[in-house]
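Participant: Just need the structure, nothing else, for what follows:
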Amino acid sequence: MKMIFAEALKLFFRLSLFGCLLLLFAHKTMGQQTKIVDSLNAILASTRQDTTKVLALVGLSGEYKNYNLDSAMLYSGEAMRIAREAGFIRGIAASYYAMGDIEVRRDDSDKAKQYFLESTKFYKQCGAENELPAIYLVIGSLHTYQDEWIEALEYFQKALELSEKYKLRKTEGHAYNNLGSIYKNLEKYDKALECFNKALEISTELGLKDVVYYIYGNLGILYATQGDKKLAESYFKKLLQISRDEKDEVVEAFAMVSLGDFNVDIENYQEALSYYHQALEMADAVNANYSGPKSLFFANVYAGIGKAQYFLNNYDTAIDYLTKGFEKASETGQLSIVAESADKLSYAYEFRNQTASALKYSRIYQATRDSLQNMDNVKRVTEIEMQNKFDKLMAEKEFEQALSDARQKRNEAIYLLIIGGSFLGLVIFLLLFLLQKSRHKRVKLESENLQLEKENLYNDLAYKNKELTTNVMYLLKKNELIHSVCDKLKKAKMSFKVENRILVEDVIRDLESASKGDIWKEFELRFQEVHSDFYKKLNELFPNLTPNELKLCAFLRLNMSSKDIAAITFLSVNSINIARHRLRKKLNIEQEENLIIFLSSL
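Facilitator: All right, here's what the predicted structure looks like:
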């Protein structure tokens, strides 16, 4: 019994994946579909553009897939032909996707995956990477249908990463929901619960009630798997209620099946029958609106009713439904339901004294049970391999995450270094600017003082030159006077008495002795003394320039480039991460050029 309930939960999980994917696309009534088909046919008849024809044909394929798969495939095939002839890459991708969708509805998972994978190649080729998340979700769901959990996990993870990259919140919620289901099947229950809660948070935030009920269903599966039947039942009933509120008969039917299986498991057979029959009443809705494998749904419902009737000793009714469930399960390869139905059929026929049929189904049961046992052994080996693959995948992802965190920290350090360096450079620039401004004022003041000193020196020199000229003229006039007096005394001495003549000659001798000497030599000595003092003051001004001024001149004479000055003052080029090109854009070159202009103008 528990084996069958677990199989039923597994069934709901698969159905919920496909049903959840339908929510990525709009549901339409038959009337709406007719109008859309007419509109697309009109466009197809009137346009000459190949691209428009392709899109119209893909649209027609999408409309016909709900009720005529052959026509849908013809439209998508024609779209593919025209798209290839026209070289319309996006059209080729859309055509492959439409074909994959049709094969899903035909229950051909392998062919559907091939078409979807081809679609992803062409979407990548035309740069439409934002189309990939929804396709990856479908491919992952197909892998789950084939019990390929690790492959499914990889595709759901890709869908999540791209959804986050392109901010596709709705698809992101679906990815978290599907990842939770995978982790549940891999018995990573904490991780599964984390993903389901994240999906629930996103779906609630976006107001997606039609997504929330699928998450409720998966939470019910999770708690049922863990043995918490009360909590599991509460979530299944939440699922049922919200599906009724949203008038979604497909999800309501799934909820009925889950509750029916649940009540069989707890031996509440009448309640189980009520849920199963309500699910069957919605068979038309499932056939019309559900794109997943419908046979799985019906096999589970028929087998469920048959089991409940068997335990209520209603053997005729049990045989009827168990046979239907057995046949549907045989078509889809659901061996657990085949075995359980065959076992109950053998006992029911035995109670009806139909030994031949009882023996037939008993043998089928034994053979199927042996197959299941063998499959279980293979499954155990496969689970070990899957666990190893999963652990390896998780280790790789943890390593990638650690590497990403390290890169992030390094980038943050580089950002801080750049910001700190820029701030320090700005401070240095301001200090240099203020210092240069102060120096400019000082130089200007010194220049004014120097000019004043020059004027004073010039005035002093002019005064001294004038004084020197006056002094020379005085000496010349003095000598002329002495010579004139001497000449007159010489002429008049003969008229003096003899005793006075000697005295007159002594006076003439003294005067002539006093007039001797080179007055022009005295003038030259004084002139040189004046100009020597003047040049001495000039030499005292220029050799005593401050080191900072010499340094500033050296900069200008060296004609250093803006790059050299930037390297010395601001940057460490080697610290810039080559993988992060946007960091180079943060370097303020204009600021650096202004600094060079400022330095060059000093």
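
Participant: Low-confidence stretches in this structure?
Facilitator: Within the chain, the stretches with pLDDT under 70 are 1-33, 290-293, 375-376, 378-399, 401-402, 457-480, 483, 498, 511-602.

Participant: what ranges do the helices span in the stretch 51-200 of the chain?
Facilitator: Assigned by DSSP state H, counting those that start in this stretch, the helices in the stretch 51-200 of the chain fall at 69-86, 89-105, 109-125, 132-145, 149-165, 169-185, 189-206.

Participant: Residue 303 contacts residue 325, correct?
Facilitator: Yes: applying C-beta atoms under 8 Å as the test, residue 303 and residue 325 come out as touching, 3.0 Å apart. In short, each C-beta sits where N, CA and C put it, glycine included.

Participant: Contacts only, for residue 267.
Facilitator: residue 311 (C-beta atoms under 8 Å, 6 or more residues apart in numbering).

Participant: where does it fall, phi/psi-wise?
Facilitator: Backbone torsions for residue 267, taken as degrees, to the nearest 10, come to phi 60, psi 30.

Participant: follow-up on the earlier one: which one of residue 303 and residue 325 is surrounded by more residues?
Facilitator: residue 303 (31 against 27; other C-beta atoms under 10 Å).

Participant: How much space separates the more buried one from residue 329?
Facilitator: 7 Å (C-beta to C-beta, to the nearest Å).

Participant: burial measure for residue 187, as a count.
Facilitator: Residues near residue 187, counting by other C-beta under 10 Å: 12.

Participant: er, residue 499 actually
Facilitator: 7.

Participant: Kindly report the same for residue 421.
Facilitator: Residue 421: 15 surrounding residues under other C-beta under 10 Å.

Participant: give me the element it is part of.
Facilitator: Following DSSP states H and E, one finds residue 421 within helix 355-492.

Participant: got it, and residue 287?
Facilitator: Assessed by DSSP H and E, residue 287 sits inside helix 283-289.

Participant: Tell me the buried residues in that helix?
Facilitator: Neighbour-count burial for helix 283-289, with 16 or more other C-beta atoms under 10 Å as criterion, is recorded at 286, 289.

Participant: what's the next secondary structure element after that helix?
Facilitator: Once the chain leaves helix 283-289, the next helix or strand it forms, by DSSP H and E, is helix 294-311.

Participant: by how many degrees do the next helix-or-strand element following that following helix and helix 132-145 diverge?
Facilitator: Of the helices and strands lying after helix 294-311 in sequence (DSSP H and E), the nearest is helix 315-332. Using axes from the mean of the first three to the mean of the last three C-alpha atoms, to 10 degrees, the direction of helix 315-332 lies 120 degrees away from that of helix 132-145.

Participant: tell me the angle helix 315-332 makes with helix 294-311.
Facilitator: Our comparison of helix 315-332 with helix 294-311, counting by the same axes, to 10 degrees, yields an angle of 150 degrees.

Participant: And the contacts of helix 315-332?
Facilitator: Residues outside helix 315-332 that contact it (C-beta under 8 Å, 6+ apart) are 107, 293, 295-296, 298-307, 309-310, 334-335, 337-338, 341-342, 344-345, 348-349, 351-352.

Participant: What lies in contact with stretch 200-211?
Facilitator: Residues contacting stretch 200-211 (C-beta under 8 Å, 6+ apart): 20, 23, 169-170, 172-174, 176-177, 199, 212, 215, 219, 242, 245-246, 248, 251.

Participant: Now restrict the residues you listed to buried residues only.
Facilitator: 20, 23, 170, 172-174, 176-177, 199, 212, 215, 219, 242, 248, 251.

Participant: I figured residue 231 hits residue 225, correct?
Facilitator: No: using C-beta under 8 Å, residue 231 is not in contact with residue 225, being 11.4 Å away.

Participant: Give me the more crowded residue out of the two.
Facilitator: More neighbours surround residue 225 than the other of residue 231 and residue 225, with 19 against 15 (other C-beta under 10 Å).

Participant: Quick check: phi and psi at residue 49.
Facilitator: Reported as degrees, to the nearest 10, the phi and psi values for residue 49 are phi -80, psi 120.

Participant: Measure how buried it is and give me the count.
Facilitator: Neighbours of residue 49 using other C-beta under 10 Å come to 12.

Participant: what does residue 344 give?
Facilitator: 25.

Participant: Leaving out the residues flanking it, which one is nearest to it?
Facilitator: If you skip the residues right next to it in sequence, residue 344 has residue 310 as its closest partner in space, 4.7 Å away by C-beta to C-beta, 6 or more residues apart in numbering.

Participant: what sits in contact with each of residue 303 and residue 325?
Facilitator: Going by C-beta under 8 Å, 6+ apart, residues that sit against residue 303 and also against residue 325 are 337, 341.

Participant: now the spatially closest residue to residue 151 that is not a sequence neighbour: how far from residue 216?
Facilitator: With C-beta to C-beta, 6+ apart as the criterion, residue 151 has its nearest non-adjacent residue at 4.3 Å, and that residue is residue 143. Distance of residue 143 to residue 216, given as C-beta to C-beta: 24 Å.

Participant: Neighbour count for those two, which is higher?
Facilitator: When neighbours are counted by other C-beta under 10 Å, residue 143 and residue 216 differ, and residue 216 comes out ahead with 25 against 21.

Participant: hang on, isn't that one packed against residue 235?
Facilitator: Yes: with contact defined as C-beta under 8 Å, residue 216 counts as touching residue 235 (4.9 Å).

Participant: sorry, back to before: so what sits against both of residue 303 and residue 329?
Facilitator: 337, 341.

Participant: okay, now residue 343: neighbour count?
Facilitator: For residue 343, using other C-beta under 10 Å, the count is 20.

Participant: Quick check: it touching residue 365?
Facilitator: Yes: with contact defined as C-beta under 8 Å, residue 343 counts as touching residue 365 (4.5 Å).

Participant: ok, and the closest non-adjacent residue to residue 73?
Facilitator: The nearest residue in space to residue 73 (C-beta to C-beta, 6+ apart) is residue 102, at 5.3 Å.
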